[in-house]
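Peer 1: Predicted structure and sequence below. I'll ask about it afterward.
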Amino acid sequence: MFRNWTTGCQPPAVYCDRGHEAAAEEGRVTTGTDELRDPIAKSWQRATMAGLTPGNALDHLTYSDVDTSGPLLSAASAVLDELNDQLQGTMFSTLLVDREGRIAQRWCGDRGGRRAFDNLGLDVGASLLEEAVGTNALGTVLETRTSIAINGGEHFAVPLRRFSCYGHPIFHPTTRRIEGVLDITALMEEASPLLPPLLARAVADIEQRLLDRSRVSDKQLLAAFQAAGTRRRAVVAIGQDLFMSNQAASDLLGSTDVALLRMLVGDLHDNADVDLTLESGLEVRVEASRVGGARGGALLHVEPRRELRVAPRAVRPDLAHAPVLVSGPPGSGRSTEARRSSEVQPVTVLTAASALLDGAEAWARNFGALVRAGQGTVCVDGIDLLPDDLVDLVASHLAERKAPRLVLVCGPVEGLSGRAAALAGECTERRVLAPLASRPHELPELVRRMLADLGADSSLHFTPGALRALSAQPWPGNLRELRAVVDHVVRHQRTGAVVLDQLPEAYRAQEPTKKLAPIEHAERAVIVEALREHDGNKVKAAQSLGISRTTLYAKMRALRITVY
């Protein structure tokens with residue numbers, strides 16, 4: 001453990017920038033990027049691309065639960081206790097954030113620092129990601145993976161310009177993955193020169209404890225990765241608290257792809273081969289194998305499909321006109337899958353809705369003309385909604401097994417009855433689409449495609465946190481509902497990263513939504529009203545409610561209050 005780094009050293013005098021305080025009240029910016037150091041200027045540019053402004057960057061802090069029993073806090077607790085004991089009575093404060101940028105532990109050496117943090121809402125669970133609050137010594141370190149001092153006006157958010165901070169990344173010694181950031185902050189003009197060696201020693205102790213606490217399964221996964229990583233194939237290893245990739249995989253995978261692979265491993269019970277399309281549009285095959293048992297991780301080989309040597313499958317003549325059935329709940333992508341299943345061109349679609357709007361006779365004439373043409377594919381969308389006489393008409397052509405080929409679309413097969421059930425029973429080749437809620441691993445790719453379809457800028461992307469929140473939703477409207485959410489985001493943001501707070505409020509819960517009891521509904525309404533009355537000031541809201549600030553934050557997390 002580190003010893004006596006602060007002995008005999010007095011911290012610099014408190015610096016209080018009245019100009020910055022006035023600017024904070026008026027929401028003005030007092031520093032231009034041309035006046036900033038290169039790493040700070042680049043950070044400001046990233047914050048601006050994320051849609052932030054200096055005057056409002058802290059207006060909508062988001063909070064989420066922190067794993068207090070996880071490896072980071074377990075390794076850091078004793079080290080931070082000793083560090084904080086040495087800083088007791090000084091103006092210094094310490095902050096520890098996890099790899100998601102959430103404050104995992106907060107400690108203040110005096111009342112002034114504690115009061116300043118309270119007034120800004122910087123408490124356990126608050127997100128300090130650069131894309132959420134702008135340049136700061138925690139989120140910027142997570143972005144750049146290197147230590148940095150940020151002094152006063154170099155902070156992007158105006159309310160933070162009274163502080164100077166020094167942040168140091170914490171890496172896992174075996175995987176080199178960043179686990180979090182340790183920061184020391186004070187109300188002063190410039191960070192003390194004592195901070196870099198002080199934090200470097202503390203971080204070294206935390207990293208040693210991480211190494212000592214590594215699970216057996218993690219070490220098995222690391223050994224498997226090191227053995228496989230010597231090959232030229234793209235290799236990824238994903239554990240409960242680990243992520244490793246070789247250079248070939250890093251060249252292939254984007255942030256959305258990584259989130260997708262994490263979801264895939266979460267659902268993996270045994271070895272499996274899965275075909276995926278990466279955010280770059282490249283089609284790949286992922287060979288996933290479990291390492292270290294059920295509580296271990298998985299080793300994944302990612303192989304571009306264009307390099308696979310697969311012999312083309314010949315279509316037997318007697319199956320050339322065999323019908324295909326595509327079934328699933330409304331909005332699950334049935335129509336899209338039906339068109340994708342139509343291997344024989346051209347493809348003509350007849351919907352049950354047109355039979356209702358144009359009449360059964362017109363629909364029958366159109367179907368008859370297509371049958372007489374004897375070519376391509378006819379997609380009948382909604383056989384379970386057609387009147388019986390039209391179902392019989394389709395069945396009569398299906399029985400002949402002649403061109404054109406039929407692709408039939410319907411709801412879940414178990415819900416069919418009568419003639420529609422009999423017609424579906426004639427189809428031995430089927431595509432069954434599950435509800436979106438049971439396909440969370442497909443969300444990153446679906447979101448990417450929808451962004452492209454909606455004409456979004458190529459830089460617009462959903463962060464892993466936002467994707468995790470979407471994967472926790474029940475999605476009763478399936479793909480149509482997801483498209484509505486993506487459309488909402490595109491209409492409100494054109495570039496940069498889409499973080500949790502930029503999703504519609506109803507889709508921000510990162511755990512399956514629980515049904516609130518009547519008393520919880522009433523409690524939620526009272527808290528939201530108090531927050532609105534005090535313009536989001538949580539200290540004043542807590543005082544008006546007669547509860548502590550800590551209790552208010554806990555209630556907000558429990559009741560999923562993110563917008564008010």
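Peer 2: Good, I have the coordinates.
Peer 1: so what's the nearest residue to residue 94 once chain neighbours are set aside up against?
Peer 2: Closest residue in space to residue 94, ignoring its immediate chain neighbours: residue 107 at 4.8 Å, by Cβ to Cβ, 6 or more residues apart in numbering. Placement of C-beta: from N, CA and C, glycine included. Shown in contact with residue 107 (Cβ atoms under 8 Å, 6 or more residues apart in numbering): 80, 84, 87, 93-95.
Peer 1: ok, now residue 40?
Peer 2: 135, 150, 154.
Peer 1: Give me the subset of those that lies in strands.
Peer 2: Of those, the ones assigned to strands by DSSP state E are residue 150.
Peer 1: relative to its centroid, which residue of the protein is most remote?
Peer 2: residue 372 (50.8 Å; Cα atoms, centre = their mean).
Peer 1: From the contact counts, what lies against the helix or strand harbouring that residue?
Peer 2: Residue 372 is located in helix 360-373, with elements delineated by DSSP states H and E. Where contact means 3 or more Cβ pairs under 8 Å, 6 or more residues apart in numbering; DSSP states H and E, helix 360-373 is packed against strand 347-351, helix 352-358, strand 377-381, helix 388-400.
Peer 1: Any chance of TSV for those, columns distance to residue 56?
Peer 2: TSV is the format used below for the helices and strands packed on helix 360-373 (distance: least, Cβ to Cβ, whole Å):
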stretch	distance to residue 56
strand 347-351	47
helix 352-358	46
strand 377-381	47
helix 388-400	58
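Peer 1: Export the ones you listed as JSON lines, with columns for mean pLDDT, mean neighbour count and distance to residue 195.
Peer 2: JSON lines is the format used below for the helices and strands packed on helix 360-373 (pLDDT from 0 to 100; neighbours: other Cβ atoms under 10 Å; distance: least, Cβ to Cβ, whole Å):
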{"stretch": "strand 347-351", "mean pLDDT": "87", "mean neighbour count": "17", "distance to residue 195": "66"}
{"stretch": "helix 352-358", "mean pLDDT": "86", "mean neighbour count": "15", "distance to residue 195": "67"}
{"stretch": "strand 377-381", "mean pLDDT": "91", "mean neighbour count": "24", "distance to residue 195": "65"}
{"stretch": "helix 388-400", "mean pLDDT": "91", "mean neighbour count": "15", "distance to residue 195": "76"}
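Peer 1: Please name whichever of the ones you listed is nearest to residue 186.
Peer 2: Residue 186 sits nearest to strand 377-381 of all these, at 65.4 Å, using Cβ to Cβ.
Peer 1: okay, that closest one in PDB with CA atoms only?
Peer 2: The C-alpha trace of strand 377-381 is given here as PDB (Å, rounded to 0.1, in the frame of the first residue of the first chain):
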ATOM      1  CA  THR A 377     -43.000 -15.600 -56.600                       C
ATOM      2  CA  VAL A 378     -46.300 -14.500 -55.100                       C
ATOM      3  CA  CYS A 379     -46.200 -13.400 -51.500                       C
ATOM      4  CA  VAL A 380     -49.600 -13.700 -49.800                       C
ATOM      5  CA  ASP A 381     -49.300 -11.500 -46.700                       C
END
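Peer 1: List the contacts of that strand.
Peer 2: Under the criterion Cβ under 8 Å, 6+ apart, residues 334-335, 338-339, 342-352, 367, 370-371, 386, 394, 404-409 lie in contact with strand 377-381.
Peer 1: Narrow the residues you listed to just the buried residues.
Peer 2: Among the contacts of strand 377-381, those buried by neighbour count (16 or more other Cβ atoms under 10 Å) are 334-335, 338-339, 342, 344, 347-352, 367, 370-371, 386, 394, 404-409.
Peer 1: nearest to residue 279, of the helices and strands packed on helix 360-373?
Peer 2: Here strand 347-351 is closest among the helices and strands packed on helix 360-373 (Cβ to Cβ), at 27.8 Å.
Peer 1: Test my guess that residue 386 contacts residue 352.
Peer 2: Yes: using Cβ atoms under 8 Å, residue 386 makes contact with residue 352 at a distance of 5.1 Å.
Peer 1: quick one: low-confidence parts of the stretch 51-200 of the chain?
Peer 2: 175, 189-192 (pLDDT under 70).
Peer 1: can you rerun that using 90?
Peer 2: Applying pLDDT under 90 to the stretch 51-200 of the chain flags residues 51-52, 56-71, 74, 85-91, 109-114, 119, 131, 152, 172-178, 186-199.
Peer 1: And the helices in it?
Peer 2: 71-87, 111-120, 130-133, 139-144, 195-212 (DSSP state H, counting those that start in this stretch).
Peer 1: Please identify the buried residues of the helix or strand following the longest one?
Peer 2: By that I understand helix 195-212. Moving toward the C-terminus from helix 195-212, the first helix or strand encountered (DSSP H and E) is helix 216-228. Using 16+ other Cβ under 10 Å as the test for burial, helix 216-228 gives 217-218, 220-222, 224-225, 228.
Peer 1: picking up where we left off before, distance to residue 208 and neighbour count added to the contacts of residue 107, as CSV?
Peer 2: As requested, the contacts of residue 107 are arranged in CSV below (distance: Cβ to Cβ, whole Å; neighbours: other Cβ atoms under 10 Å):
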residue, distance to residue 208, neighbour count
80, 14, 20
84, 19, 16
87, 21, 22
93, 24, 25
94, 19, 20
95, 21, 25
